[in-house]
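Peer 1: Structure for the following, please:
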Amino acid sequence: MQYECINCGYQTAKWLGKCPQCGSWDSFVKLKKFQNDQKASSSQPAELITIDQLKKTQKTKTRLSTQISEFDRVLSGGIVKGSVTLFTGEPGIGKSTILLQLAKNIKLLYVSAEESLDFVYERVKRLNVKNSNLTLTDTKEINSVLSSIGKEFQLVIIDSIQTVYTSEIESPQGSISQLNAILNRIIEFAKKNNTAFIVVGHRTKSGEYAGPKTLEHMVDCVLSLDGDKNSDYRILSTTKNRFGNTAEVGMFKMTNKGLVENFDPLIFVDKDKEPKIGRVITAEKKGKRIIFYEVQSLVVPTFLSLARRVAKGINQKKLMLLLAVIKKYLNLPIDKYDIYVSITSASHSGSDQIDLAIIFSIYSSLKNKAFPTSDLFVGPVDLLGQVRVNEETRSIAKIAKQTGFKKIITESKKNIKELIVDL
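Peer 2: Residues are numbered from 1 along each chain as shown. Presented below is the predicted three-dimensional model:
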């Protein structure tokens, strides 16, 4: 007999009150013994195929075009038949909305394991979805769902994997064992029947996918819909795509008729051209696109023994590293100040191209010096305080000039102190 922690998947031969791996209390449940259907055939010799044999039988992967160009762009041309995609995003960001919009051009089955069908119907009416393309079910048992799927469906949407279950596993819904078993069945069915699946997944408070990391390795594609709930704009991106690149992004605007395509490279830049203290403009490359946005900083005297460091939209470790560079090469007394840094983009930025902008934004707030909004700050900064211009930096600078920026602050191997003197 085995017991499993529903939070982290740790297994033990006896029940425990506290999980030794994740520290959660009363999280162990009894596991039902599960017999593999293919146990009898597991002793059969594996089929071996040479590359030449595979070349003769290989078929071109067929894609389903959603007719939503921004969505297809992110997936390198559309949804591949027989693929399984994990789709994540914050609650209320618009995941269900954009997935229902796919029914305008694709015949799909929508498994609503979270919302009642009445709620789904109200959304369908608002989105003006083609009724003949959409079939609904609120069945939560995954085997029942899979057995009802016919050849007429091009796409199956499971909303969400945390709320469906399999009766073959005794663990509760959302547990590690349930998630693994469900996804294995979905993947096996998708490959065998050449049916595409999109599986919606929850996120934790930290923004990570709520489930074991192994699920992301199992699926073919991981899609993410991001955005600020206080803004109407959303960014669709991929962190994994076995059938294309992961660099492209799709941009949408939330309206009362759903998510509509809306690409504007300056969408995250305030239209107010008046220079403001703590605000600088930067950019990064997303696939073949350049997106501009603001870095905003607030530097104020601290009353604490350990000054606050708060980052929004950027990695906290990146901020700490750049503050060390500022302290070393600009000789600024940053230990006496609380520092808050935020970017206005709808998604988290991990690009090194915004390093210079972060430094100058903090300098601007500390020295009460505003920089013109026609200046663009872009480029990675190393631990020696030097700007390291690369091909991506030059590409951004070229597009920025065409967009209307008058001055591009990015000079290779020039120390940040020299750049400040020049300005």
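Peer 1: Any buried residues in stretch 324-341, and which?
Peer 2: 325-326, 329-330, 332, 334, 337-341 (16 or more other CB atoms under 10 Å). C-betas here are computed from N, CA, C, even on glycine.
Peer 1: what do you get for stretch 162-170?
Peer 2: Of the residues in stretch 162-170, those buried by neighbour count under the rule 16+ other CB under 10 Å are 162-166, 168-169.
Peer 1: quick revisit: can you tell me which of the buried residues of stretch 324-341 lies closest to residue 259?
Peer 2: When these are compared for distance to residue 259 (CB to CB), residue 341 wins out at 29.1 Å.
Peer 1: Counting only helices, which of the buried residues of stretch 162-170 make the cut?
Peer 2: When DSSP state H is applied, the buried residues of stretch 162-170 are split such that none fall in helices.
Peer 1: In JSON lines, list those along with distance to residue 234 and pLDDT.
Peer 2: Formatted as JSON lines, the entries for the buried residues of stretch 162-170 read as follows, by distance: CB to CB, whole Å; pLDDT from 0 to 100:
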{"residue": "162", "distance to residue 234": "22", "pLDDT": "88"}
{"residue": "163", "distance to residue 234": "23", "pLDDT": "90"}
{"residue": "164", "distance to residue 234": "25", "pLDDT": "92"}
{"residue": "165", "distance to residue 234": "30", "pLDDT": "91"}
{"residue": "166", "distance to residue 234": "32", "pLDDT": "90"}
{"residue": "168", "distance to residue 234": "37", "pLDDT": "85"}
{"residue": "169", "distance to residue 234": "35", "pLDDT": "80"}
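Peer 1: could you redo these as a markdown table and give each row distance to residue 31?
Peer 2: Supplementary listing: the buried residues of stretch 162-170 in a markdown table, determined by distance: CB to CB, whole Å:
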| residue | distance to residue 31 |
| --- | --- |
| 162 | 19 |
| 163 | 20 |
| 164 | 19 |
| 165 | 14 |
| 166 | 13 |
| 168 | 11 |
| 169 | 8 |
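Peer 1: ok so, going back, show me which of the buried residues of stretch 324-341 is closest to residue 252.
Peer 2: Nearest to residue 252 among the buried residues of stretch 324-341: residue 341, at 26.3 Å, using CB to CB.
Peer 1: How confident was the prediction at that closest one?
Peer 2: At residue 341 the predicted local distance difference test score is 95.
Peer 1: Where does it sit: helix, strand or coil?
Peer 2: Three-state call for residue 341 (DSSP: H, G, I helix; E, B strand; the rest coil): strand.
Peer 1: I figured it hits residue 308, correct?
Peer 2: No - distance between residue 341 and residue 308: 11.2 Å, which falls outside the contact criterion (CB atoms under 8 Å).
Peer 1: which stretches of the protein form helices?
Peer 2: Ranges of helices within the chain are 51-57, 69-74, 95-101, 117-127, 142-147, 176-193, 214-218, 316-329, 355-367, 391-403, 416-422, based on DSSP H.
Peer 1: need the longest strand for the protein.
Peer 2: strand 289-301 (DSSP state E).
Peer 1: Next, the angle from it to helix 355-367.
Peer 2: Relative orientation of strand 289-301 with respect to helix 355-367: 30 degrees, computed using axes from the mean of the first three to the mean of the last three CA atoms, to 10 degrees.
Peer 1: roughly how far is strand 289-301 from the heart of the chain?
Peer 2: Centroid separation between strand 289-301 and its chain, computed with CA atoms, centre = their mean, to the nearest Å, is 21 Å.
Peer 1: Report the rounded mean pLDDT for it.
Peer 2: So the average pLDDT for strand 289-301 ends up being 93.
Peer 1: Give me the buried positions along stretch 280-288.
Peer 2: Of the residues in stretch 280-288, those buried by neighbour count under the rule 16+ other CB under 10 Å are 280-287.
Peer 1: now stretch 90-98
Peer 2: Buried, per 16+ other CB under 10 Å, within stretch 90-98: 90, 93-98.
Peer 1: State the distance spanning the first to the last residue of that stretch.
Peer 2: Distance across stretch 90-98, first residue to last, is 14 Å (CA to CA, to the nearest Å).
Peer 1: what about the stretch 101-250 of the chain, any weak spots by pLDDT?
Peer 2: 204-212 (pLDDT under 70).
Peer 1: which stretches of it form strands?
Peer 2: Using DSSP state E, counting those that start in this stretch, the strands of the stretch 101-250 of the chain run over residues 108-112, 134-137, 155-159, 196-201, 221-226, 233-241, 249-255.
Peer 1: Cool, thanks, talk later.
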